[in-house]
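**Q** got a predicted structure plus its sequence, pasted below:
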Amino acid sequence: MKRAAAFILTTALILGSGAARVLAQDHTFEAVPMFENCGDGSYDKAVKDGITLGIAPNPVYSNIDPQTKQAQGLDVEINKAVLDWLQVKKIDYTVMPFSDLIPALLSKRIDVIATNIHYTPARVKVVSFTGPAWWYGPAIIVRTGNPTGIKSFESLKGQTVGAMVGTAADEYLQHVGATVSPFRNNPENFVALAEGRVQLVMDDDVKFLAYKKANPDAPIEMVANVKVPTELIFKYGYGYARYAVRKEDCSLRAAYTQGLAEIRGNETVSDILMKYGLSNRNLFYFPTN
């Protein structure tokens with residue numbers, strides 16, 4: 001009898017999980033936005049007048065489709081889902097190099113940095129970050145065969161390494177004493193490595209994987225089985241991908257943060273990640289299968 005009862009309970013749980021998964025595909029929300037008493041008008045202004053998102057031309061994350069002229073990419077879709085939940089109807093996009101996003105935010109040319117941006121010691125002094133959106137890691141990229149023999153992030157000290165200007169990789173490399181060979185737009189850094197103009201590149205693993213998928217014959221590879229230093233994850237910008245707003249726009253930041261939690265909670269983010277070839281392992285820093 002106990003076994004039969006256990007079987008019935010297990011079956012009910014499985015069926016219940018399946019039913020929940022079906023409902024989740026409709027992306028139904030439990031909550032509605034509630035930010036009317038946050039003390040500033042930034043969220044109300046976004047609902048009333050619309051919002052301008054600043055994005056960098058970073059394929060996978062964000063770019064403008066050359067055919068349709070529409071914004072597209074993983075971060076574009078996440079931000080759109082957040083703003084749908086926030087009931088912000090009018091969305092404009094301004095495209096610029098990643099290194100120009102913070103100055104554009106501070107000068108009020110944009111309202112949100114919508115290409116994912118990570119929490120770093122330098123950035124937190126000038127902008128405010130939303131809650132977590134998703135997670136990915138850093139990579140060391142070399143020419144095929146790793147002729148430089150680099151096997152750790154610590155060994156980048158004293159090396160000349162290609163990195164995108166203003167990124168977490170740029171800040172970390174300067175911190176460890178590497179010489180940064182600067183790039184302003186992807187995939188210029190990967191092309192330069194493939195052509196031998198630089199010998200090392202530090203960038204996001206997902207960007208490299210997307211480039212390699214599109215260019216399988218490129219003679220570059222990611223150094224495998226490299227332990228990521230704790231400070232690189234928790235201090236120098238390779239923790240969670242987030243978005244950024246001005247420090248004074250508290251209600252907009254609070255709204256965005258709850259919006260991100262809601263679309264992570266109802267599997268919207270999961271579906272977007274899978275659309276771009278990622279998985280639920282990219283939802284959390286300590287993922288489970």
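**A** The structure has been received and is ready for your questions.
**Q** only C-alpha atoms for contact and neighbour calcs from this point on.
**A** Will do.
**Q** just checking, Gly259 touches Leu86?
**A** Yes - the criterion here is CA atoms under 8 Å, and Gly259 meets it with Leu86 at 6.8 Å.
**Q** give the residues shared as contacts by the two.
**A** Pro33 (CA atoms under 8 Å, 6 or more residues apart in numbering).
**Q** neighbour-wise, which of these two wins?
**A** Gly259 (26 against 21; other CA atoms under 10 Å).
**Q** spatially nearest residue to that one (excluding sequence neighbours)?
**A** Val82 (5.0 Å; CA to CA, 6 or more residues apart in numbering).
**Q** same check on Ala218?
**A** Counting by CA to CA, 6+ apart, Ala218 lies nearest to Ala194, which is 6.0 Å off, once chain neighbours are set aside.
**Q** surely the one you found touches Pro216?
**A** No - under the criterion of CA under 8 Å, Ala194 is not in contact with Pro216, lying 11.4 Å apart.
**Q** okay, these two: which has more neighbours?
**A** More crowded of Ala194 and Pro216, by other CA under 10 Å: Ala194, with 19 against 11.
**Q** quick one: low-confidence ranges for the chain?
**A** Scanning the chain with the threshold set as pLDDT under 70 gives 1-25, 30-31, 34, 286-289.
**Q** now do the strands in it.
**A** 51-55, 63-64, 71-72, 91-95, 112-117, 128-129, 134-135, 138-143, 160-164, 179-183, 200-204, 220-222, 240-245 (DSSP state E).
**Q** and Asp170, which of the ones you listed is closest to it?
**A** strand 160-164 (5.6 Å; CA to CA).
**Q** contacting residues for Asp98?
**A** Residue 98: Phe, not Asp. Phe98 neighbours (CA under 8 Å, 6+ apart): Ile55, Ala56, Pro57, Val165, Gly166, Thr167, Arg184, Asn185.
**Q** do Leu200 as well
**A** Ile140, Ile141, Val142, Arg143, Thr160, Val161, Gly162, Leu193.
**Q** quick check: bridge partners of it?
**A** Note on Leu200: beta-bridge partners Val142, judged by DSSP bridges.
**Q** relative to Cys250, how far out is His27?
**A** Look at His27 and Cys250: by CA to CA, to the nearest Å, they are 27 Å apart.
**Q** same question but for Tyr243, I mixed them up
**A** 13 Å.
**Q** more neighbours, those two?
**A** Neighbour count, other CA under 10 Å: between Tyr243 and Cys250, Tyr243 has more, with 26 against 20.
**Q** contact partners for that one?
**A** Tyr243 neighbours (CA under 8 Å, 6+ apart): Val112, Ile113, Ala114, Thr115, Asn116, Ile117, His118, Phe129, Thr130, Gly131, Ala133.
**Q** just checking the distance from stretch 98-111 to the centre of its chain.
**A** 17 Å (CA atoms, centre = their mean, to the nearest Å).
**Q** show me what counts as buried in that stretch.
**A** Phe98, Ser99, Asp100, Leu101, Ile102, Ala104, Leu105, Leu106, Ile110, Asp111 (16 or more other CA atoms under 10 Å).
**Q** put the alpha carbons of it into PDB.
**A** Extracted in PDB, the C-alpha atoms of stretch 98-111 (Å, rounded to 0.1, in the frame of the first residue of the first chain):
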ATOM      1  CA  PHE A  98      29.800  49.900 -25.800                       C
ATOM      2  CA  SER A  99      32.300  52.400 -24.300                       C
ATOM      3  CA  ASP A 100      29.900  55.200 -25.100                       C
ATOM      4  CA  LEU A 101      26.900  53.800 -23.300                       C
ATOM      5  CA  ILE A 102      27.600  55.100 -19.800                       C
ATOM      6  CA  PRO A 103      28.400  58.700 -21.000                       C
ATOM      7  CA  ALA A 104      25.200  58.600 -23.100                       C
ATOM      8  CA  LEU A 105      23.200  57.500 -20.000                       C
ATOM      9  CA  LEU A 106      24.600  60.200 -17.800                       C
ATOM     10  CA  SER A 107      24.000  62.900 -20.400                       C
ATOM     11  CA  LYS A 108      20.400  61.600 -20.700                       C
ATOM     12  CA  ARG A 109      20.600  60.700 -24.400                       C
ATOM     13  CA  ILE A 110      19.400  57.200 -23.300                       C
ATOM     14  CA  ASP A 111      17.400  56.000 -20.300                       C
END
